[in-house]
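Peer 1: What shape does this take:
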Amino acid sequence: MKIIPLFDLPDHDPASYHHLESVKATLKEVYPDEIPNAIESRVIWTNVGLTLGIVLVCSQENTLGVGRYMNDVCSRSLVPGKLVNLTSSYSMAFKIDTLENEGYFLHKVYARLECPEDLAIALKTLKDLPQEIRLNIEAVRYLRDIFKNTPLSFEEKNHLIQEKMKDTIEVKGVEGIHTLLGTNRESEHLTELTQKILATKKISPDVFSREIFQELQQLIFSMKEEFLKERSNHFISRLLAQSYLLRKTCIHKEIKDSFQLEIKFLKPHHKREESIHSLGVLAVIRFKSPSENLDCNGLFEAVVAILPECKLLPNSRFFHYRPHEGLKSLYIEITKDGEFGKSTLNNLKKKLPFEIDERVFRPVLPIFMPRNEEEVMKHMILLSKELKYVDDIPQVMLNFYKQSPHSLSFTTIVVALNRGQSLEIPIDNVEKRMMGNLRSKYPKEAFVFELTIDKAPFIRKDRSIDLFDARKAASMRLFELIGPFRDYNGGLILKKSEILLDFKKQVKPYTVGSEILLERFFHAITPSYMQGVLQPSVLKRLFLLLTKATDQSCENGFFEHQVHGDTLIIGLAITDIHFKTRFKQSLEKLKIPSSQLALTHFDQYGISAIGLILRHFEEGIIPKIRDCFFQWIEEQRQQPALEMA
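Peer 2: Numbers count the residues shown, from 1 in each chain. This next block holds a predicted model:
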């Protein structure tokens, strides 16, 4: 066996001879029987006293920087929390005369431990560390291999990426991957092509940072042992590479309104043979604020909102957060009956960014707003005037006051008659005031206090607070404290609550996972008093009509109407975020009486939808609204051209 160094050695340097012999001896330790022609990364170690000798053999192709990476891993990772002293190291890139391959890279490092306890920890670490090193090296090789210095056009490189990523179903954001072209300096043609692409995309060429091995190692550390054991090394290396590429794409894009998001869909490779249909969802999010957050549960909830029948595979999630960049990588695997076809993937691609946006946790700072005593006094006087007869029950007014991390508070005003015994309210800090007498005999007493309830039951899936239900719970709590009362400012709220509950029951079989959208639709109805008047069956038909619109392409507009008895419902939709405010002005020109017209709207998956409900309508109103809608669309298309002119 003859070792041929892949660099020029001085002819009369005895150190070179000894270096070659050391490499040859180390190679025999790694391959005691026969050196295979196919190069696979391999890590072994030996132990003499408190000294560990750790050897890495890998391909010399596309592994620039692996020696420095090995030194860093051995120093930082052998004994967690300690820097291990490296007493010696050597490396060489070489070929073997009898083997036809790209060549080998060998690196050996000696680490001196301080005590037997540290040695025991290091030996335990070395049980898993070799696999992490191999995965890391393969991921980097995979990234660099995509962009070898081959004279290809930009379109051909696009095709090359898709061919290389055979386990990738959805190829998205490929232009972000092409920023890696700037890392290979050997080809003049490639360098010229790189500069053109980078100039067009305005992206820094230093996408392959010097710390790429360390960055990928951090990703591996974020994966649990069960996750790594159940998946092939081939798939793990692809997953690491994809996560790295998406992270770099996020960094080089500007954050707009909310946050930056990149998504990939992958076909998982499991070591166990199971006849299941699974899909991997990899999301890299760059938050706009350090206080924002999303976890794997939130990502799964977003997927379930689109595919209610899917389930989460056990031990299939991992996340990695880089706080200095505001970047978080999330990965989950889902399964369902049947394959994930093209239509399913297109549906996920369209809707998932919007569903994720709704589930990003954005904390709201508490508002410091002292109680308005003038307003409280006005309400007490108003309630005292409602007590006109001796048998009148207490008059109550409930208004939201503030929230804490765990509770919601309502300013509660109770005005009751004292028929010989004052009303007892078992709450601390109750203010009591006299509001005159009924028939000069029965005192009217006002009680002002803060009613507090637990906040947890009213946190919705988008992590907002449902004050509608919270107020209902506060009212029930007050009933337990003082008995029957009249809710002065809750009558219409109660009626709206009943209609909303009935509406949800009717629509639930058709809209699994759309509870928040249902409530947005209902509470957007104007005039607001119509929320307590309209029939739930009419609301159901309009809601289903608008959700039908959001599942279609509405670039040219969506218009559909239905007639139910004396009620007309119309669904309008288009891909314009300003649709509601701008079209409402055009609709007012038709001069439809406000007592006959109710209007609602919601935005979903990039489509803005408006619903109209007309009671006791005339037949001629349908073509008028249709013409008004499509004429408005035409005006919006012509407006940019006029502005440019």
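Peer 1: contacts and neighbour counts: CA atoms only from here.
Peer 2: Will do.
Peer 1: Show me which helix runs longest in the protein.
Peer 2: Taking DSSP state H as the criterion, the chain has its longest helix at helix 621-644.
Peer 1: and it, what other elements does it pack with?
Peer 2: helix 579-588 (3 or more Cα pairs under 8 Å, 6 or more residues apart in numbering; DSSP states H and E).
Peer 1: Mind giving me the packing neighbours of the helix it packs on?
Peer 2: Using 3+ Cα pairs under 8 Å, 6+ apart, helix 579-588 sits against strand 607-615, helix 621-644.
Peer 1: now residue 45: how far from residue 545?
Peer 2: Per Cα to Cα, to the nearest Å, residue 45 is found 67 Å from residue 545.
Peer 1: Looking at these two, which one has more neighbours?
Peer 2: Taking neighbours as other Cα atoms under 10 Å, residue 45 and residue 545 compare with residue 545 leading, 21 against 17.
Peer 1: Pull the contacting residues for that one.
Peer 2: 560, 571 (Cα atoms under 8 Å, 6 or more residues apart in numbering).
Peer 1: from the middle of its chain, how far away would the one helix or strand it maps to be?
Peer 2: For residue 545, the host element (DSSP states H and E) is helix 536-550. Mean-position distance between helix 536-550 and its chain equals 28 Å (Cα atoms, centre = their mean, to the nearest Å).
Peer 1: same question for it, mean pLDDT?
Peer 2: Mean pLDDT, helix 536-550: 88.
Peer 1: quick check: angle from that helix to strand 607-615?
Peer 2: Relative orientation of helix 536-550 and strand 607-615, computed by axes from the mean of the first three to the mean of the last three Cα atoms, to 10 degrees: 150 degrees.
Peer 1: tell me which residues in the helix or strand that helix 536-550 is followed by are buried?
Peer 2: Once the chain leaves helix 536-550, the next helix or strand it forms, by DSSP H and E, is strand 558-564. In terms of neighbour count (16 or more other Cα atoms under 10 Å), strand 558-564 has its buried residues at 558, 559, 561.
Peer 1: helices and strands around strand 558-564, which ones?
Peer 2: Packing partners of strand 558-564 (3+ Cα pairs under 8 Å, 6+ apart): helix 536-550, strand 567-574.
Peer 1: Hmm, residue 531 and residue 496 touching each other?
Peer 2: Yes: the pair residue 496 and residue 531 qualifies as a contact (Cα atoms under 8 Å) at a distance of 5.8 Å.
Peer 1: any idea where the strands of the stretch 351-500 of the chain begin and end?
Peer 2: 395-403, 407-417, 431-438, 442-454, 486-487 (DSSP state E, counting those that start in this stretch).
Peer 1: hang on, the earlier thing: show me what counts as buried in the helix holding residue 545.
Peer 2: 536, 538, 539, 540, 541, 542, 543, 545, 546, 547, 549, 550.
Peer 1: Could you measure from the fifth one over to residue 496?
Peer 2: So that's residue 541. The value you get for residue 541 to residue 496, if Cα to Cα is used, is 18 Å.
Peer 1: now do the second one
Peer 2: Distance, residue 538 to residue 496, by Cα to Cα: 15 Å.
Peer 1: and what of the last one?
Peer 2: Per Cα to Cα, residue 550 is found 26 Å from residue 496.
Peer 1: just to revisit the earlier point, any chance of TSV for the buried residues of strand 558-564, columns pLDDT?
Peer 2: Shown next, in TSV, are the buried residues of strand 558-564 (pLDDT from 0 to 100):
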residue	pLDDT
558	90
559	91
561	90
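Peer 1: Could you identify which of the helices and strands packed on helix 579-588 is most buried?
Peer 2: The highest mean neighbour count among the helices and strands packed on helix 579-588, using mean count of other Cα atoms under 10 Å, belongs to strand 607-615: a mean of 22.
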